[in-house]
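Enquirer: how does the following fold in three dimensions:
(one chain, ligands or ions: 1)
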Amino acid sequence: MVRVLVDGVSKKYGNTYALRDVSMKADDGALVCILGPSGSGKSTLLRIIAGLIHPDKGRVYFDDNDVVNLPTWKRNVGFVFQNIALFPHLTVYENIAFGLKLRKLPKDEVDRRVKEMLKLIKLEGYEKRKPRELSGGEAQRVAIARALVINPSVLLFDEPLGHLDAKLREELKFEIRRIVKETGKTSLYVTHDQSEAFAIADYIYVINKGVIEQGGTPIELYESPKSPFVAEFIGSTNFLKGKVIEVDKANNIVKASVGSIEIHALARADLKASESILIGIRPEDILVSKHIDEEYLRKELLANILAGRLVRKLFVGPYLRLEVDIGVEEPIKADVYGDRRYEYLNIEPGDEVYIAFNKPIVFKR
Ligand code: ADP
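Expert: Presented below is the predicted three-dimensional model:
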């Protein structure tokens, strides 16, 4: 097993940067996700780590060894792609054994390792099946076994669940985490899906336009996004354009004006009065009430209670999304969970409602 370190890597296609001065690491045995929208440079980064693409600048280390000039086959990496590409004419057993046979391992060694893999991916008894006799999820597990069987130092996943339906993705993401953790392999996992990254990763790098915006654990990224991009990409966020009125250091609060409204947000050390800011509030952090005197609003001692009118409501299932006009540029999205979803189904557009929330996050503008 190894620690992977990427140091100042850049890659240009023509005049545009696919990656610009990217540095990141995956500790020995860690499962690290590279998360970003389509075209952000995720695959390019993974391919540079695999040795399939040579960077214009920068270094890649496996432990203390600079591997940037090593060809892929000397790096000992296992690769799992979105397009599974099992050999259709070979059985499950033969597909998994393929890499070992190439390496001319003795037959009993091949047999032992293939059986170990079948056990790991929970497909014992599937040896003789052909890929067309497997479900999408089973086929992807075979692809993982095939990548693992050669005992790679590093496992690389490029959107391995991309083409599967939602239910399978849900199951398989936990399966991938279990398999990777059982083998203890250092793994890098590329995805554009935040919920997938959160379910799988020990640590996540959020990438945007070829630049790493932020690295952190799922909780760190969710609780303390460093940029509006990260806040918006990790779940959904309302953004309000405001101006700092004053910073109350003693109470760790910044008072800000958004149009004619005053909002109390979390202070930041570097903010000054009259500075332009962006205030980020998550829909799930907002409480909605039909009356301002509702007990629960007072009980929670919320920092901000604002009156508005319902613009739209949408029953999503797990939550009821309400859009409330509070007299700023755009309606505020607020999500109602639990039994209150049904209680609030009877409010109609135009009805008065109150939204309440605690100290939102502030970004500089
Ligand atoms: P992602 O995996 O996040 O979708 P990619 O790493 O595939 O992003 O691509 C990053 C950027 O580099 C994109 O703008 C893409 O169009 C560009 N790009 C990728 N590969 C090539 C290539 N071979 N030639 C030209 N441009 C490329």
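
Enquirer: which residues touch stretch 81-88?
Expert: Stretch 81-88 is contacted by residues 94-95, 98, 130-132, 139-140, 142-143, 146, 158-163 when judged by Cβ atoms under 8 Å, 6 or more residues apart in numbering. For glycine as for every other residue, the C-beta is placed from the backbone atoms N, C-alpha and C.

Enquirer: cool, and stretch 339-354?
Expert: Against stretch 339-354 from outside (Cβ under 8 Å, 6+ apart): 288-292, 294, 297, 305-313, 315, 319-320, 322, 324, 336.

Enquirer: from the chain's centroid, how far away is it?
Expert: 32 Å (Cα atoms, centre = their mean, to the nearest Å).

Enquirer: only the buried residues of that stretch, if you could.
Expert: 341, 344, 347, 353-354 (16 or more other Cβ atoms under 10 Å).

Enquirer: give me the buried subset of the contacts of stretch 339-354.
Expert: By 16+ other Cβ under 10 Å, the contacts of stretch 339-354 give 288-289, 297, 306, 308, 310, 313, 319-320, 322, 324, 336 as buried.

Enquirer: can you list which of these are found in strands?
Expert: 288-289, 306, 308, 310, 313, 319-320, 322, 324, 336 (DSSP state E).

Enquirer: ok, of these, which one's closest to residue 112?
Expert: residue 319 (49.9 Å; Cβ to Cβ).

Enquirer: the nearest residue to the closest one once chain neighbours are set aside bridge partners, please.
Expert: Setting aside the residues directly before and after it, residue 319 is nearest to residue 335 in space (Cβ to Cβ, 6 or more residues apart in numbering), at 4.3 Å. According to DSSP bridges, the partner residues bridging residue 335 are residue 321.

Enquirer: so what's residue 335 scoring on pLDDT?
Expert: Predicted confidence (pLDDT) at residue 335: the value is 96.

Enquirer: gap between it and the ligand?
Expert: 29 Å (Cβ to the nearest ligand atom, to the nearest Å).

Enquirer: any regions of the protein where pLDDT drops low?
Expert: 293-301 (pLDDT under 70).

Enquirer: pretty sure residue 288 sits against residue 322.
Expert: Yes: counting by Cβ atoms under 8 Å, residue 322 is a contact partner of residue 288 at 5.7 Å.

Enquirer: quick check: neighbours shared by those two?
Expert: 334, 336, 344, 353.

Enquirer: ok, these vs residue 183, which is closest?
Expert: Of the shared contacts of residue 288 and residue 322, the one sitting nearest to residue 183 (Cβ to Cβ) turns out to be residue 336, at 42.4 Å.

Enquirer: residue contacts, that closest one?
Expert: 288, 319-322, 344.

Enquirer: just residue 305 next, same as before
Expert: By Cβ under 8 Å, 6+ apart, the neighbours of residue 305 are 292, 297, 354-356.

Enquirer: and of these, the nearest to the ligand?
Expert: Nearest to the ligand out of those is residue 355 (Cβ to the nearest ligand atom; 35.6 Å).

Enquirer: is the closest one bridged to anything, and to what?
Expert: Going by DSSP bridges, residue 355 forms beta bridges with residue 288, residue 306.
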